[in-house]
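S.K.: structure for this input, please:
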Amino acid sequence: MNITPRELLANMFTAAVNAAQPEHCIPRFLPEPPRGRTVVIGAGKASAAMAQALERHWPGELKGLVVTRYGYAVPCERIEIVEAAHPVPDAAGREAAGRLMAFVRGLTEDDLVICLISGGGSALLPLPGAGITLEDKQAINRALLKSGATISEMNCVRRHLSGIKGGRLAAACHPARVVNLLISDVPGDNPIDIASGPTVADPTTCADALEIVRRYGIDLPAGARRLLESGEGETIKPGDDRLARVTTHLIATPQLALKAAAKVAALEGVTPVLLGDSIEGEARDVGKVMAGIALQTRHHRQPVPPPCVLLSGGETTVTVRGQGRGGRNVEFLLSLAVALNGAPGIHAVAGDTDGVDGLEEIAGAFAAPDTLARAWAQGMRPRDRLDDNDGHGFFEALGDSLVTGPTLTNVNDFRAILIT
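M.R.: As a prediction, this is how the structure comes out:
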């Protein structure tokens, strides 16, 4: 290995992000131009970059409207880019969602809709269902984010309280042909969970959403509860004729990003071990488990001898109990560091490939064998910081934050544990 452990980890993270850049992924999935109009719609943290790549490679006329996160817009000539809030929705997102529904009205069988969807689109399209206000949506979203529910569970609730998700946007495009180009940020790459599936059929039900609300003790506003209990919030189901001309392509996935990082490691003589692209669970629990695997590798040379790197992706959750500045990646990393307890020769990085972990404009952080010792020297107590969900505060104080700025893509979390 000709570079430092931290440099190698940073290079792997960069490779993972670059593998999911729309400019690399969009061209080979573009459909043939239609006899009629081409309309581009979309939402998500990567949607503006996807729109820009589409414009560069589309051979004919088009018009479009895409909504992305504040700070994630890029210049486009024919596709309008609108910015809104994430992860808690705002009025700009509600207006944009309403405009998207209006934008696709009146299309014909000769027209083509290209839908650009990536992670983050759920919060960016907060069109409330009947009897629900934006304030209701914001409160429900905050409660879900703190509850410890999985992304699939959160999106099930969101779909059934929405006026655009759960296939409703695709139904509004009927009878036009719809081609979905999706960048997955969810474990399992299920299209219904990417931005809560605005343009795909949804097999889940209002009863499923109510069970999730009950399971996590979510206090629903009266209008939201009525919508679910009455069944009026039901989504568009598989087999619906309005979705008969919808086709879906996954153009970038967490697995693709992990394989790109693995190539970087192999070129440095480090054996990559891919542990999974859809690992879920409480971030601190996943950290403990990964620490155990790393120690087994270090002490017993299993599953492979060092030097090696353990790569994983997915989306963990954090049940928030403290008052700190946290995110699921830094929560995982701090838990990992505590469990490793300064074990020599083990370095790690964890970050969100969209550049934002939690509510912070920080992608994640690095950990090293001396992480705990440096923290103690500053008077910090790592376990107390973990209990306070203060991963960002902890790693920032050590100068170990991973800051990328907007990456303009999103294939979920990236974790690499290097054993030298």
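S.K.: so Gln138 sits against Pro89, correct?
M.R.: Yes: here Gln138 reaches Pro89: they are 6.1 Å apart, a contact under C-beta atoms under 8 Å. Placement of C-beta: from N, CA and C, glycine included.
S.K.: what do these two both touch?
M.R.: Pro126 (C-beta atoms under 8 Å, 6 or more residues apart in numbering).
S.K.: between those two, which has more neighbouring residues?
M.R.: Shown here are Gln138 and Pro89; by other C-beta atoms under 10 Å, Pro89 has more neighbours (23 against 16).
S.K.: just say helix, strand or coil for that one.
M.R.: coil (DSSP: H, G, I helix; E, B strand; the rest coil).
S.K.: now do the helices in the stretch 101-250 of the chain.
M.R.: Here the stretch 101-250 of the chain has its helices, by DSSP state H, counting those that start in this stretch, at 121-124, 134-147, 151-160, 168-173, 206-215, 222-230.
S.K.: what's the answer for the stretch 251-400 of the chain, then?
M.R.: 254-267, 283-300, 328-340, 371-377, 382-387, 391-398.
S.K.: please identify the most buried of the ones you listed.
M.R.: Most buried of these by mean neighbour count (mean count of other C-beta atoms under 10 Å) is helix 328-340; its value is a mean of 28.
S.K.: mind checking how far it is from the chain centre?
M.R.: 20 Å (C-alpha atoms, centre = their mean, to the nearest Å).
S.K.: same for that helix, what does it pack against?
M.R.: Here helix 328-340 touches helix 283-300, strand 346-352, strand 364-367, helix 371-377, helix 382-387, helix 391-398, strand 413-419, going by 3 or more C-beta pairs under 8 Å, 6 or more residues apart in numbering; DSSP states H and E.
S.K.: hmm, try it at 7 Å
M.R.: helix 283-300, strand 346-352, strand 364-367, helix 382-387, helix 391-398, strand 413-419 (3 or more C-beta pairs under 7 Å, 6 or more residues apart in numbering; DSSP states H and E).
S.K.: mind putting these in TSV, distance to Pro187 included?
M.R.: Shown next, in TSV, are the helices and strands packed on helix 328-340 (distance: least, C-beta to C-beta, whole Å):
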stretch	distance to Pro187
helix 283-300	12
strand 346-352	14
strand 364-367	18
helix 382-387	23
helix 391-398	21
strand 413-419	10
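S.K.: what's the closest of those to Gly324?
M.R.: With C-beta to C-beta as the criterion, Gly324 lies closest to helix 391-398 of these, at 5.5 Å.
S.K.: just to revisit the earlier point, which of the helices and strands packed on helix 328-340 sits closest to Leu310?
M.R.: Of all the helices and strands packed on helix 328-340, strand 413-419 comes closest under C-beta to C-beta, at 4.3 Å.
S.K.: quick one: Ala252 and His24 touch, right?
M.R.: No: using C-beta atoms under 7 Å, Ala252 makes no contact with His24, being 8.1 Å away.
S.K.: so the two - more neighbours on which side?
M.R.: Ranked by neighbour count (other C-beta under 10 Å), Ala252 and His24 place Ala252 first, with 27 against 15.
S.K.: now render the helices and strands packed on helix 328-340 as TSV, adding distance to Arg242 and mean pLDDT.
M.R.: Shown next, in TSV, are the helices and strands packed on helix 328-340 (distance: least, C-beta to C-beta, whole Å; pLDDT from 0 to 100):
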stretch	distance to Arg242	mean pLDDT
helix 283-300	39	98
strand 346-352	35	98
strand 364-367	41	98
helix 382-387	48	97
helix 391-398	44	98
strand 413-419	35	97
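S.K.: out of the ones you listed, which gets nearest to Asp202?
M.R.: strand 413-419 (24.5 Å).
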